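1. quick check, what structure comes out for this input:
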Amino acid sequence: MNKQDSPTILAAIDLGSNSFHMVISRLRDDHFQVVDKLREMVQLRAGLDAQGCLSEVAQDRAIACLERFGQRIKELPKESVRVVGTNTLRIAKNSDSFLHKANKALGHSIEIITGEEEARLIYLGVAQTLSFDDSRRLVIDIGGGSTELIIGENFVGLERKSLEMGCVSYSKRFFPNGELSALRMKLAIIAAGTHLRSIQKKYRDIGWSEAIGASGTIRCVAHIVRDKGWCGDGTITLEALNKLIEYMVDQKQMKAILLEGMTAERSSVLPGGIAILKAVFNQLKIDKIIVSNGALREGLLYDLLGRINHDDERERTVQTLARRYHVDEVQSVRIILMLDNLFEQVAETWHLNEKHRHSLHWAAKLHEIGLSISHDHYQKHSYYLLAHSHLPGFSREEQGVLAIMVRGQRRAFPKKHIKTLPLSSQLLTQRLTVLLRLAMVFNRGRSVVGSIPLTVNDTPKELQLFLPEGWLTAHPLTEADLQQEMNYLEDAGIPIALS
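-> Down below sits the predicted model:
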C-alpha cells in the first residue's frame, strides 16, 4: 500500500463539563471507522468554586485523564488531532493556567470554543451520523454546563444557540446530595424554561420536522425509558419522560434508584439534565425526540477532515465577512503578496508554519471591515467587529489573535491587547502583527508598483530592513510612513533598523 492509499487516522477530544471524550478513527472512502473510544467522567464543572475557579482536586482529575489520553495519541501528528474545551473552560477564571498544564499532559494544544461554535460542531456531528435529507431538524444537546439547540437542514445549521444551563450545574443547584422532590423538579424545570423563553418563539416560528437528541444525558434517558418499557429503542416521548420524572420523584433520593448500567457519577447529574430536557419539551412543544450517536467529537472529526482537504469553515467565514463589509479585494491581494514574501524570510527564525500564514491572510482580508463604520480609527472598528462577532470555525483564542492583529495594523502598537492573550500566543501575535504593519506601510498607496524589494533579517537586537539604494528617495510618502512606523514600534520596545 503506498502512502497515498494509506488510511488517515484522526483523533478528536471533547473536554466537556461532565465527561472527557476521545474518539480515534480511520478514514476509509470518506467515512470514519472508529478505532478506539475513551470516556472518563471528570466532572470538571463540579470543581468550580464560589469564585469561579477550578479547584486543585478537579484539575488533578483532569490532568490525570489527559495524561492517559495523551499516551494513546502520542504517535499522531499534531495536524491529525483536534482538542476542544467547552462551557466550564470557557467560564473558569483560571482556565489559562490550567490549560498550560493540560497542554503539556496531553501533548497537544487545547482550543476553547464559543458556545455557538460548539453548537455548530454538534450539528455537524449529528448530521454526519444520521441519514439526513433536506428536511428541517432540531438538534438538542444537554451538556454538563450548557445546552445547545440548533435548527438545520441537511449539513447546514440555520439557527444556533448555546444556553447557560447543564446537567451538572442544575443538579448541583436544585438536587444537592441527590435529594429528589416534586417541588425541586418543578423549580428546576421553571428555571430551565426561563432560559428557553429567549429562543422559543423564534425557534417555533422557524419550525422543524424532527427533533434529534445527542450526548450523554439524552442517551441515558433513552436507555432508561427503553429498559422500563415506556418507549421504543432510540426515542424519547413526552409521555415516557413524564413517567420517568414521576418515578424519580417517588424515590426521594437518587441513590435509591437502581438503574442497570448507570454509574454513580452519571446518577448524580441526571436529575438536572432531566429537568432541562422536560423544559425543552414544554417550551418548544415537542412530542418525541430521536436519539443520535453523533455529537461534538464526531463533528470535530469531520471539521478536521475538512481542514485537511482544504475545505475550512474558517476560510468560508472570512470570505463571508469580506463580502458583507465590501472589502477592497484588490488591496487585500496586494497585502497578502507582500506578507507571503516577508513570511518566507522570517518563517524559520520565528518558527512560523502554515497555520500562521493562514492567520496573516485572514487578517489581510479583514483588516478594513471597520471602514463600513467610519474611516476614523477604522482599525478599532475592525477590531470590535471581529472580537464581538460569531466566527464559525474559529476557536476563542484564534478569534482573539485575529482581532488583535487587525487592531494593531496601524498607529500605536497593541501591547496591552496582546497581553490579554495566553502567554504562549503573545510573542507569536506580536511578530505576526509586525509583518502585517510592514505590509500595510508599503501598500498604503493602493497602487500596483510591482514587487517591493524589501528584505528582512531578525537579529537578537533588532529587526533589520533592507531596501535598494535610492528606493525610498523615489517613494517619499512611503519613506515618511515607514519612519513613523519605526517610531511606533520603537515605542513598543520593538527596535527596527533600516539599511
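
2. for His195, which non-adjacent residue is closest in space?
-> Leaving aside its sequence neighbours, His195 sits nearest to Leu163 (C-beta to C-beta, 6 or more residues apart in numbering; 4.8 Å). Placement of C-beta: from N, CA and C, glycine included.

3. list the beta-bridge partners for the one you found.
-> Thr147 (DSSP bridges).

4. that one - how many residues pack around it?
-> Per other C-beta atoms under 10 Å, the neighbour tally for Leu163 reads 19.

5. go on, Ile110?
-> For Ile110, the count of nearby residues is 22 (other C-beta under 10 Å).

6. show the contacting residues for the residue nearest to His195.
-> The contact partners of Leu163, taken as C-beta atoms under 8 Å, 6 or more residues apart in numbering, are 115, 146-149, 195-196, 198-199.

7. repeat for Tyr378
-> Per C-beta under 8 Å, 6+ apart, neighbours of Tyr378: 368, 370-371.

8. nearest residue to Leu44 other than its sequence neighbours?
-> Closest residue in space to Leu44, ignoring its immediate chain neighbours: Thr88 at 4.7 Å, by C-beta to C-beta, 6+ apart.

9. so where's the stretch 101-250 of the chain uncertain?
-> Within the stretch 101-250 of the chain, the segments meeting pLDDT under 70 span 131-132.

10. which stretches of it form strands?
-> Using DSSP state E, counting those that start in this stretch, the strands of the stretch 101-250 of the chain run over 110-112, 136-142, 147-153, 156-163, 210-214, 235-237.

11. Phe98: which of these is closest?
-> strand 110-112 (9.4 Å; C-beta to C-beta).

12. for the closest one, packing partners?
-> strand 81-85, helix 87-91, helix 95-106, helix 396-407 (3 or more C-beta pairs under 8 Å, 6 or more residues apart in numbering; DSSP states H and E).

13. send the alpha carbons of stretch 55-74 over as PDB?
-> C-alpha atoms of stretch 55-74 as PDB (Å, rounded to 0.1, in the frame of the first residue of the first chain):
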ATOM      1  CA  SER A  55     -10.200  23.600  42.300                       C
ATOM      2  CA  GLU A  56      -6.900  21.800  42.500                       C
ATOM      3  CA  VAL A  57      -8.700  18.500  43.000                       C
ATOM      4  CA  ALA A  58     -10.700  18.900  39.800                       C
ATOM      5  CA  GLN A  59      -7.600  20.000  37.900                       C
ATOM      6  CA  ASP A  60      -5.700  16.900  39.200                       C
ATOM      7  CA  ARG A  61      -8.600  14.700  38.000                       C
ATOM      8  CA  ALA A  62      -8.500  16.300  34.600                       C
ATOM      9  CA  ILE A  63      -4.700  16.200  34.200                       C
ATOM     10  CA  ALA A  64      -4.600  12.500  35.100                       C
ATOM     11  CA  CYS A  65      -7.200  11.800  32.500                       C
ATOM     12  CA  LEU A  66      -5.400  13.900  29.800                       C
ATOM     13  CA  GLU A  67      -2.100  12.000  30.600                       C
ATOM     14  CA  ARG A  68      -3.900   8.700  29.800                       C
ATOM     15  CA  PHE A  69      -5.400  10.200  26.600                       C
ATOM     16  CA  GLY A  70      -2.000  11.500  25.700                       C
ATOM     17  CA  GLN A  71      -0.400   8.100  25.800                       C
ATOM     18  CA  ARG A  72      -2.900   6.900  23.200                       C
ATOM     19  CA  ILE A  73      -2.300   9.700  20.700                       C
ATOM     20  CA  LYS A  74       1.400  10.400  21.300                       C
END
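
14. in it, what counts as buried?
-> Neighbour counts over stretch 55-74 (16 or more other C-beta atoms under 10 Å) mark 58-59, 61-63, 65-66, 69-70, 73 as buried.

15. redo those residues as CSV? Include secondary structure.
-> CSV is the format used below for the buried residues of stretch 55-74 (DSSP: H, G, I helix; E, B strand; the rest coil):
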residue, secondary structure
Ala58, helix
Gln59, helix
Arg61, helix
Ala62, helix
Ile63, helix
Cys65, helix
Leu66, helix
Phe69, helix
Gly70, helix
Ile73, helix
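
16. widest-spaced pair of those residues?
-> Ala58 and Ile73 (22.6 Å).

17. quick one on the thing from earlier: filter the contacts of Leu163 to the buried ones?
-> Buried members of these, counted by 16+ other C-beta under 10 Å: 115, 146-149, 195-196, 199.
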